[in-house]
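Asker: What follows is a predicted structure for the sequence shown.
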Amino acid sequence: MSIYRALAELEARAGVGVLCTIVETHGSTPRNAGSKMLVYPDGSFVGTVGGGELERRAIDEALAALKDGAPRKIAYSMNDPAQGDPGLCGGQLEIFIEPIVPKAKLVVIGGGHVGKAVVHLAAWLGFHVIISDDRPEFCTPQAVPDAQEYIVCPMSQLAERTEINAWTSIVLTTRGADVDAAGLPVLLKQAFAYIGVIGSRRRWVTTKKLLLEAGVDETQIEIIKSPIGLELNAETPEEIAVSILAQIIMLRRGGDGATMSAE
């Protein structure tokens, strides 16, 4: 696969990666300026900046950049491996390492009235929105407009169908505690930014009990936001969607939910 097709596919699925580009060379180097390599979070890659020890170091730097989100430019001499150089071609090169951070992804599980409203508002807010339901009739563009992706599957299989990463928020607007308890154990193993479950406090008590009985660690369960959203006394699906998205934005931006006007 060409580097440009890989980049296009990464953008299309709101994926995460790091682009490494040789921006300057002097003397003999394994690759010329402009050579590119796309590194994925698992360390796999497309393209090359030279192979061998140089490539290994570039991948290590790429993964470090992915953790802190900061681009960097790294200079390498290719003269003396005994002195720590990654090769002995005799030249020097610089590699610009650029994290590719996708726009925030929102996965809405459950295509009922609230799920539909959450999808609509999230799309307007600029999220890459995925709707998923195990009932095909609740997971179509006709039933739930505005999503970018539609995934029909049980919740327990969702992580196999779409990438869930540190830029992904997950909202469960499902039809019951039994559905949540069956799917949450797999989702809790993913590296998400946020996960919330709709329902009353009573429903959440039932869900939590089922999760504990299934062997889910209580520290994992405590990560889940439920009842979901900020307290707005919301009633309609649209108002509930505002409450949910407000909480996601607040946590994502580091807000505290307090009123901004003077008391």
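Answerer: Okay, I see it.

Asker: For the rest of this, base every contact and every neighbour count on C-alpha atoms.
Answerer: Noted.

Asker: show me where the stretch 1-150 of the chain has helices.
Answerer: In the stretch 1-150 of the chain, the helices defined using DSSP state H, counting those that start in this stretch lie at 3-12, 52-68, 113-124.

Asker: Deepest-packed of those, please.
Answerer: Stretch with highest mean neighbour count among the helices of the stretch 1-150 of the chain: helix 113-124 (a mean of 22; mean count of other CA atoms under 10 Å).

Asker: next one: that helix to chain centre, how far?
Answerer: Between the centre of helix 113-124 and the centre of its chain there are 19 Å (CA atoms, centre = their mean, to the nearest Å).

Asker: which other residues reach it?
Answerer: Contacting residues not belonging to helix 113-124 are listed as 106, 108-109, 128-131, 143-147, 173, 237-238, 240-242, 244-245 [CA atoms under 8 Å, 6 or more residues apart in numbering].

Asker: ok, 10 Å please
Answerer: For helix 113-124, the external contacting residues (CA atoms under 10 Å, 6 or more residues apart in numbering) are 104-112, 125, 127-132, 138-139, 143-148, 171-174, 198, 236-245.

Asker: Quick one: buried ones out of those?
Answerer: Buried members of the contacts of helix 113-124, counted by 16 or more other CA atoms under 10 Å: 104-112, 127-132, 138-139, 144, 146-147, 171-174, 198, 237-238, 240-245.

Asker: Inside strands: which ones of those?
Answerer: 105-109, 128-132, 171-172 (DSSP state E).

Asker: export those to a markdown table and tack on pLDDT and distance to residue 164?
Answerer: Listed next are those as a markdown table, based on pLDDT from 0 to 100; distance: CA to CA, whole Å:
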| residue | pLDDT | distance to residue 164 |
| --- | --- | --- |
| 105 | 93 | 9 |
| 106 | 97 | 10 |
| 107 | 98 | 9 |
| 108 | 98 | 12 |
| 109 | 98 | 13 |
| 128 | 93 | 12 |
| 129 | 96 | 12 |
| 130 | 97 | 11 |
| 131 | 98 | 13 |
| 132 | 98 | 13 |
| 171 | 98 | 13 |
| 172 | 98 | 14 |
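
Asker: Show me the two of the residues you listed that sit farthest apart.
Answerer: Spanning the widest gap among those are 128 and 172, at 16.3 Å by CA to CA.

Asker: Report the residue ranges of every domain in this structure.
Answerer: 3-100, 105-253 (automatic domain parsing).

Asker: So for residue 259, which of these sits nearest?
Answerer: Each of the domains of the chain has some distance to residue 259 by CA to CA; the shortest is domain 105-253, at 11.9 Å.
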